[in-house]
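Undergrad: Test case, fold it:
(one chain, ligands or ions: 1)
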Amino acid sequence: MSVDESAAVRCVDLRYSFGHTMAVDGVDLSIARGSVFGLLGPNGAGKTTAIRMITTLLPVPSGAIRVFGVDVARHKLQVRRLIGYVPQQLSADGALTGRENVALFARLFDVPRAYRKAAVDQALESVGLTDAAKRTASTYSGGMIRRLELAQALVSAPKLLVLDEPTIGLDPVGRASVWERLAEVRAATGMSILVTTHYMDEAEQNCDEIALMHRGRITARGTPDELRTSVGPDATLDDVFRATTGDDLSGAGEGMRSVRSTRRTARRLG
Ligand SMILES: Nc1ncnc2c1ncn2[C@@H]1O[C@H](COP(=O)(O)OP(=O)(O)OP(=O)(O)O)[C@@H](O)[C@H]1O
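TA: The predicted structure follows:
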């Protein structure tokens, strides 16, 4: 593989199958350092599988991944230290306070004891939860819980933040607050951010670069402007998706526009 040491993430010919289902089918990706990169696609496109490989949670049976030049298959632990991960599944504990939740992650990620309190304070501050930090997470709104999960991922000061559908199930205010915090964190730290979503409008507004994924393959990539102008002057990302896949976004039952089962964040905690 040609090594691009300057990239935050570089995937070459990535493949992963579950039995006969080819979840990831020859994916090449390069994510520039310091950028917000959006991996977009409908449910079942293969986004989560690709992300789990990048974050070392799944093996890399075929192809190669480097995170800041470090080979993921060979140096798992080293790569884990570089990454903060906010999974789709709930990772906050409703019985603990906001502060306790973040402190737990600080211990899990071996933040040195001498800096731990400062790191927890800083992470809570960066997501606007300082005032709510003493309350149990079960009293938080969905948007606050997302921001708490963001703080958990930020407490180890990762170089790459990976978020799987961070705004799913949130109301517009909650969604906007998550993106605002991400923008602030990026501006303050220069962190690279990889985010999956099936909300085209959010990706368009908040990502520097986007890759469209469909049935395990990347069908288009570029800046939102590049993608749109490749299709037509008034094209939206929805149009780009349709043009590159031949599929309607609402097709095949679980389309991009479908109201899918949400992360049920607040409800499950409550
Ligand atoms: N553990 C598993 N066992 C079997 N098949 C799986 C498993 N996980 C995912 N798949 C299949 O792999 C394909 C890609 O799934 P994946 O979850 O990566 O897609 P996705 O784009 O992240 O969608 P979603 O947003 O719904 O999670 C789908 O066909 C899915 O059914």
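Undergrad: Where does pLDDT dip in the stretch 1-150 of the chain?
TA: 1-5 (pLDDT under 70).
Undergrad: again, only using 90
TA: Filtered on pLDDT under 90, the stretch 1-150 of the chain yields the residue ranges 1-6, 41-44, 81, 86-92, 108-111, 126, 141-143, 146.
Undergrad: what does it put close to the ligand?
TA: Residues of the stretch 1-150 of the chain lying near the ligand by Cβ under 6 Å from any ligand atom: 18, 21, 23, 41, 43, 44, 45, 46, 47, 48, 49. For every residue, glycine as well, the C-beta is placed using N, CA and C.
Undergrad: Can you tell me the element residue 225 falls in?
TA: helix 224-231 (DSSP states H and E).
Undergrad: Give me the distance from the following helix or strand past that helix to the chain's centre.
TA: Downstream of helix 224-231, the first helix or strand assigned by DSSP H and E is helix 237-245. Relative to the centre of its chain, helix 237-245 is centred 22 Å away, using Cα atoms, centre = their mean, to the nearest Å.
Undergrad: and helix 237-245, anywhere near the ligand?
TA: No - figure legend: helix 237-245 not in contact with the ligand (Cβ under 6 Å from any ligand atom); closest approach 13.1 Å.
Undergrad: Tell me which two of the residues of the stretch 1-150 of the chain next to the ligand sit farthest apart.
TA: Maximum pairwise distance in these, criterion Cβ to Cβ, is 16.6 Å, between 18 and 41.
Undergrad: in the helix holding residue 225, what counts as buried?
TA: 224, 227, 228, 231 (16 or more other Cβ atoms under 10 Å).
Undergrad: residues in contact with the first one?
TA: Under the criterion of Cβ atoms under 8 Å, 6 or more residues apart in numbering, the contact partners of residue 224 comprise 203, 204, 207, 210, 237.
Undergrad: Let's see which of those residues end up in strands.
TA: Members of the contacts of residue 224 lying in strands (criterion: DSSP state E): residue 210.
Undergrad: show me where the stretch 51-200 of the chain has helices.
TA: 76-82, 98-108, 113-126, 142-154, 172-189, 200-206 (DSSP state H, counting those that start in this stretch).
Undergrad: what sits up against the first one?
TA: When you say that, I think you mean helix 76-82. 55, 56, 67, 68, 70, 72, 109, 156, 158, 159, 160.
Undergrad: excluding its backbone neighbours, what's nearest the third one?
TA: The one in question is residue 67. residue 79 (4.9 Å; Cβ to Cβ, 6 or more residues apart in numbering).
Undergrad: what's the burial count for residue 187?
TA: 9 (other Cβ atoms under 10 Å).
Undergrad: Which strand or helix spans residue 219?
TA: Counting by DSSP H and E, residue 219 is part of strand 217-222.
Undergrad: for the stretch 151-270 of the chain, what are the low-confidence residue spans?
TA: 166-178, 180-182, 184-185, 188-189, 197-202, 204, 225, 227-270.
Undergrad: which parts of it sit against the ligand?
TA: Counting by Cβ under 6 Å from any ligand atom, no residue of the stretch 151-270 of the chain is near the ligand.
Undergrad: count of neighbours near the residue lying closest to residue 209 once chain neighbours are set aside?
TA: Nearest non-adjacent residue to residue 209, counting by Cβ to Cβ, 6+ apart: residue 37, 5.2 Å away. Per other Cβ under 10 Å, the neighbour tally for residue 37 reads 24.
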